[in-house]
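Colleague: Need a 3D model of the following:
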Amino acid sequence: MKRLINFILLLFFHAVIFAQTEIPAVVQRQFEQNAERIEDQSSVSDELLDQLQQYINHPLNLNEADENSLTQLGLSPLQINALIQYRSLLGILIDIHELQSLPGWSLTSIQRLLPFVSVKEKFNVRDNFNKRISGGEHTIILRASSVLELSEGYKYDASSASSHYLGSPDKLLFKYNYNYRNLFQLSLLAEKDPGEQFFKGYQKSGFDFYSASIFLRRMGIIKSFAIGDYTISMGQGLIQWQGFALGKSSDAMSIKRQSELVRPYHSAGEINFHRGAAITIQYKKFEVTSFISLRKLDANKIIDSGFYFDQHISSFQTSGYHRTKAECLDKNIQHQFAYGGNISFSKTSLKLGINFIKYHLQYPLIKSADLYNLYQNRAIHSGNISLNYAYTYRNFHFFGETATSGSKAFAAVNGVLMSVATNADVSLLLRNLSPRYQSLNADAFSENATPSNENGFFCGLVLRPSSQWQLDGYFDLYTFPWLKYNVNAPSSGTSYQLRALYKPKKALEIIFDFKSEINAINYQKYESPLRSLIMIPRKQFRINANYSINKSLILRSRVDMLWYDHHGLQNAQGVLLYTDLLYKPMGKAFSGGLRLQYFQTDNYNSRLYAFENDPSSSGSISAFYNKGYRYYLNIHVRPYPKMSFNMHWGYSIYPEEASLGSGADKILKSHKTEISCQLLYHL
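Modeller: Take a look at the predicted model:
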């Protein structure tokens with residue numbers, strides 16, 4: 001009870017979103033599938049939610065939006081090209097319903113965009129700078145969250161246990177945003193993770209992580225300018241991609257990487273961003289971008305290891321946690337200096353660009369001596385250069401990027417999006433990624449978590465046979481020319497996914513989803529000293545149903561079933577079911593949501609992932625395995641027009657387990673309770 005009272009007192013340390021924003025279902029599915037691909041369960045970056053919230057507060061004007069702005073809404077290049085051509089031929093849009101006449105703009109995609117766009121007269125961006133810095137809106141966000149059951153890390157004796165957590169189990173965040181029509185943005189952020197100290201010990205400066213950024217758009221020939229923390233996303237992600245990126249999914253037309261090249265960074269994630277300055281200058285049909293960054297990164301440092309280098313790091317620490325003495329000593333060990341740029345040319349439907357980036361590390365990165373790390377770049381200095389293109393011809397959109405690294409290895413991604421009929425779209429993508437190709441912060445379309453050691457062919461199809469049905473699917477064939485972790489030989493794999501969306505009326509939507517993949521892993525018989533590869537099939541079937549009971553109540557249900565190595569040596573199965581009830585009355589100061597969930601799997605191999613909406617953050621993705629129940633409640637209250645309060649309560653119970661987790665995170669109970677709260681003040 002004392003911990004609960006102390007936690008409630010911390011509620012005044014955080015704020016949230018002015019209106020309750022929910023990440024679109026298509027993006028939730030992307031998060032889940034990405035988590036499955038990289039075997040990760042973590043919080044979702046709040047960068048995407050911030051962007052969606054900005055467009056809710058300041059809807060994007062479709063009459064003046066450029067290609068970069070439209071890509072942030074998840075529109076395909078064919079849809080963007082159709083809108084731009086429509087505006088050039090017929091002038092500005094008068095009504096939002098005109099979008100239905102554009103090729104490739106289905107009613108479903110238009111409905112998804114409605115909260116984020118508007119149709120207005122063009123806005124004069126020649127406001128003086130004083131108006132930009134004084135005429136915007138201020139948002140202060142305070143957030144506190146905690147797990148109420150103490151894990152073993154908080155109970156260990158600090159004098160004897162190296163994994164003792166030095167701080168409290170509470171997570172705190174402060175955030176300030178200023179925004180003037182997305183043309184001038186200022187952000188300040190401070191965060192403390194669970195287990196980290198606060199104004200004492202290793203964290204005498206208070207919060208463990210601080211971030212700040214200033215960002216301007218459309219100031220004469222300056223298209224964008226960033227100082228502080230920012231992200232760089234170039235080409236198709238072969239040499240640098242730090243923004244949100246859609247991966248392989250049943251949304252078969254979302255295979256192209258799309259983003260503004262320079263974007264402000266105001267997320268609580270402590271890893272994937274640059275710190276310095278960046279500028280993009282636009283002159284007629286040319287754009288020139290330059291950036292520079294100096295950062296300190298967490299890493300495991302090795303001294304006098306017998307390598308050519310007396311000191312090196314064995315890996316980067318990407319969790320952002322500084323809870324124990326060892327984690328605090330790893331903080332800011334690696335110094336990283338980076339610089340690079342882009343030169344691009346655009347003319348009508350053609351865009352060409354050349355990108356380059358250079359890294360200088362204080363210590364070389366030398367991973368373990370396993371054969372799958374044979375081509376790992378161990379140099380202190382590394383760099384990449386690439387060429388990217390995009391070209392639209394009638395109903396065809398071609399795109400791609402070819403890159404090289406310091407090892408003279410090449411990587412290439414090339415694709416095409418085709419609208420073959422008014423109700424049919426096709427996507428094709430080829431990738432050829434050398435095992436020798438290496439790049440920091442790369443994130444291209446691939447089966448692997450990083451774009452290296454892979455060749456593949458992807459084919460996707462979208463059919464809209466009627467206004468009630470939409471069919472999506474893809475087939476992907478790939479090979480790995482060199483070894484991988486837990487795969488001690490060159491290997492191959494296949495995957496395909498089929499999805500059927502049925503919407504007989506506005507209030508009801510049912511989605512049938514089937515996914516199958518076959519990949520190789522090491523296998524060793526007990527009586528044999530040799531390892532061989534075996535092909536492991538994994539099949540998953542899912543049904544989602546969304547039903548609007550009335551204008552205020554929405555019911556959502558999911559049934560998820562998985563078969564791992566069915567009829568094989570490692571046969572395992574899993575099932576997950578949940579129901580959400582959402583209450584969102586129009587014009588009321590209160591809204592909320594409730595989830596009831598059950599899951600049962602044979603082991604970790606048959607785990608199932610589920611996205612959870614949390615209005616006091618951007619949400620989270622969890623992997624569920626063994627047998628258990630999960631409940632959570634979201635509450636959103638807006639007592640005053642300029643203030644809102646959000647709370648998330650989650651409770652998990654594993655009736656057949658005596659403890660949860662392992663190591664310092666182990667909880668000696670069969671249940672776990674999380675609570676988080678946000679308070680927002682909007683000026």
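Colleague: in the stretch 1-150 of the chain, which spans are strands?
Modeller: Under the criterion DSSP state E, counting those that start in this stretch, the stretch 1-150 of the chain contains strands at 60-61, 117-118, 137-147.
Colleague: now for the first one, which elements pack on it?
Modeller: Taking 3 or more CB pairs under 8 Å, 6 or more residues apart in numbering; DSSP states H and E as the contact definition, the neighbouring helices and strands of strand 60-61 are strand 117-118. (Each C-beta comes from the backbone N, C-alpha and C, glycine too.)
Colleague: Direction included, what does the strand it packs on pair against?
Modeller: strand 60-61 (parallel) (DSSP bridges).
Colleague: Okay, and the most centrally placed residue in the chain sits in which element?
Modeller: Among the residues of the chain, the one closest to the centroid is residue 244, at 4.9 Å (CA atoms, centre = their mean). According to DSSP states H and E, residue 244 maps onto no helix or strand at all.
Colleague: Go ahead and confirm it touches residue 257.
Modeller: No: in this structure, residue 244 is not within contact of residue 257 by CB atoms under 8 Å, at 10.0 Å.
Colleague: show me the contacts for residue 385.
Modeller: Listed by CB atoms under 8 Å, 6 or more residues apart in numbering, the contact set of residue 385 reads 239, 354, 355, 356, 403, 404.
Colleague: Now do the contacts for the closest residue to residue 241 other than its chain neighbours.
Modeller: The shortest distance from residue 241 to any non-neighbouring residue, by CB to CB, 6 or more residues apart in numbering, is to residue 443 (4.0 Å). Applying CB under 8 Å, 6+ apart, we find residue 443 in contact with 237, 241, 242, 245, 450, 451.
Colleague: follow-up on the earlier one: put together TSV for the strands of the stretch 1-150 of the chain, with distance to residue 518 and mean neighbour count on each row.
Modeller: Shown next, in TSV, are the strands of the stretch 1-150 of the chain (distance: least, CB to CB, whole Å; neighbours: other CB atoms under 10 Å):
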stretch	distance to residue 518	mean neighbour count
strand 60-61	42	18
strand 117-118	41	16
strand 137-147	38	20
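Colleague: Give me the below-cutoff pLDDT ranges for the stretch 451-600 of the chain.
Modeller: 526-530 (pLDDT under 70).
Colleague: could you show me where the strands are in it, in order?
Modeller: Listed in chain order, the strands found in the stretch 451-600 of the chain under DSSP E, counting those that start in this stretch are 454-463, 469-480, 491-505, 508-523, 532-548, 553-564, 572-583, 590-601.
Colleague: closest one to residue 160 among those strands?
Modeller: Minimum separation from residue 160 across those (CB to CB) falls at strand 590-601, 36.7 Å.
Colleague: so what strands line up beside that closest one?
Modeller: Here strand 590-601 has these sheet partners by DSSP bridges: strand 572-583 (antiparallel), strand 627-640 (antiparallel).
Colleague: Out of the ones you listed, flag the one nearest residue 272.
Modeller: Of all the strands paired with strand 590-601, strand 627-640 comes closest under CB to CB, at 27.3 Å.
Colleague: Give the next helix or strand downstream of that closest one.
Modeller: In N-to-C order, the element after strand 627-640 by DSSP H and E is strand 643-653.
Colleague: Check which helices and strands that next one is in contact with.
Modeller: Applying 3+ CB pairs under 8 Å, 6+ apart, one finds that strand 643-653 contacts strand 627-640, strand 671-682.
Colleague: And that strand, what's buried?
Modeller: Across strand 643-653, burial judged by 16 or more other CB atoms under 10 Å covers 644, 645, 646, 647, 648, 649, 650, 652, 653.
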